[in-house]
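Trainee: Fold the following and give me the result.
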Amino acid sequence: MQVPINAITWSLGAVALYSFGVKSWRIHRQTRNPLAQMYYVLGATFGTALFFFGVPGLLTQNTHILQYTYFSADFFVQVSMQVQIWILWFLGLRNRVRLRHIYAFTIPYSIVLITTEVLTSHVGISHSPALIVYEDHPPVLILKSIIYMAVAMPLGYFYLRQVPRQTTLQARAKSLVSGLTFIVVGLAATSNNVFDKGSDTPTSALIVMVFFVIFLLVQLPRYRRRTHTA
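Mentor: Numbering: from 1, shown residues only. Next up is the predicted model:
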């Protein structure tokens with residue numbers, strides 16, 4: 001059985017996001033930073049979405065099972081989108097609008113999206129190239145593209161804007177990688193929706209895989225070398 005390329009990509013993404021979540025949880029325990037709390041919730045929800053996108057495809061090619069795990073994945077994607085809206089509000093909108101007023105629109109939007117997807121979408125398997133193929137209809141593709149661009153792009157912008165303000169190289173690298181990850185994943189997802197009817201391609205899967213690997217490496221702990229004096 002050929003392992004689908006995108007199953008590997010999203011499984012790596014799950015590891016990267018769970019690592020991000022665990023690290024953020026530890027930081028929140030130490031500092032009680034509200035942004036760190038938002039990060040570990042994002043790591044848990046988005047990591048779970050990527051888990052359902054990736055890991056089942058490593059274990060089975062039964063399309064009935066993959067269809068259920070696909071819907072589960074997109075449910076957690078929409079939950080993570082609401083978390084990203086929370087972060088976006090905290091970073092740039094909290095002095096302009098109340099969060100509950102934003103959620104009054106975005107939560108029903110996500111409910112409509114998921115309901116439409118469950119009623120119309122399907123999952124297939126491609127063997128050349130080896131991919132899990134997500135077959136979404138135009139209404140689902142349009143709804144997904146709108147929310148991806150409306151949330152991921154501004155979040156990426158806010159992170160990139162923080163790069164010059166960071167005082168250490170490691171902090172700059174984290175802000176840069178975080179910003180680029182939101183932008184690249186958002187653009188890749190939207191591009192797939194517009195040009196490939198919602199499914200991954202080998203090229204898009206490999207590009208996103210590279211960013212997930214970089215994002216995972218940034219999360220790894222750094223050990224300082226101890227110096228001994230005579």
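Trainee: Okay, now the unreliable bits of the chain?
Mentor: Counting by pLDDT under 70, the chain shows low-confidence ranges at 1, 196, 198, 222-230.
Trainee: where exactly do the strands run in it?
Mentor: In chain order, the chain shows strands spanning 122-127, 130-135, with DSSP state E as the criterion.
Trainee: The first one pairs with which strands, parallel or anti?
Mentor: According to DSSP bridges, strand 122-127 has the following sheet partners: strand 130-135 (antiparallel).
Trainee: Closest to the centroid, which residue in the chain?
Mentor: With distances taken as C-alpha atoms, centre = their mean, the residue of the chain nearest its centroid is residue 46 (5.2 Å).
Trainee: Check the strands of the chain for me and report the most buried one.
Mentor: The highest mean neighbour count among the strands of the chain, using mean count of other C-beta atoms under 10 Å, belongs to strand 130-135: a mean of 20. Every C-beta, even on glycine, is put in place using the N, C-alpha and C of the backbone.
Trainee: and it, C-alpha only, in CSV?
Mentor: Taking C-alpha atoms only, strand 130-135 is exported to CSV below (Å, rounded to 0.1, in the frame of the first residue of the first chain):
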residue,chain,number,x,y,z
ALA,A,130,-0.5,8.7,-4.0
LEU,A,131,-2.9,11.1,-2.4
ILE,A,132,-6.1,11.2,-0.4
VAL,A,133,-8.5,13.2,-2.6
TYR,A,134,-11.0,15.5,-0.9
GLU,A,135,-14.0,16.1,-3.2
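Trainee: who touches it?
Mentor: Contacting residues not belonging to strand 130-135 are listed as 2-7, 57, 66, 70, 121-126, 197-202, 205 [C-beta atoms under 8 Å, 6 or more residues apart in numbering].
Trainee: and if you look at stretch 71-88?
Mentor: Judged by C-beta under 8 Å, 6+ apart, the contacts made with stretch 71-88 from elsewhere in the structure are 35, 38-39, 41-42, 45-46, 48-53, 99, 102-103, 106-107, 110, 113-114, 117-118, 121, 147, 151-152, 154-155, 158.
Trainee: try 7 Å
Mentor: By C-beta atoms under 7 Å, 6 or more residues apart in numbering, the residues outside stretch 71-88 that reach it are 38, 41-42, 45-46, 48-49, 52-53, 99, 102-103, 106-107, 110, 113-114, 117-118, 147, 151, 154-155.
Trainee: What is the neighbour count of residue 101?
Mentor: 9 (other C-beta atoms under 10 Å).
Trainee: any idea how far it is from residue 155?
Mentor: In this view, residue 101 and residue 155 are 19 Å apart by C-beta to C-beta, to the nearest Å.
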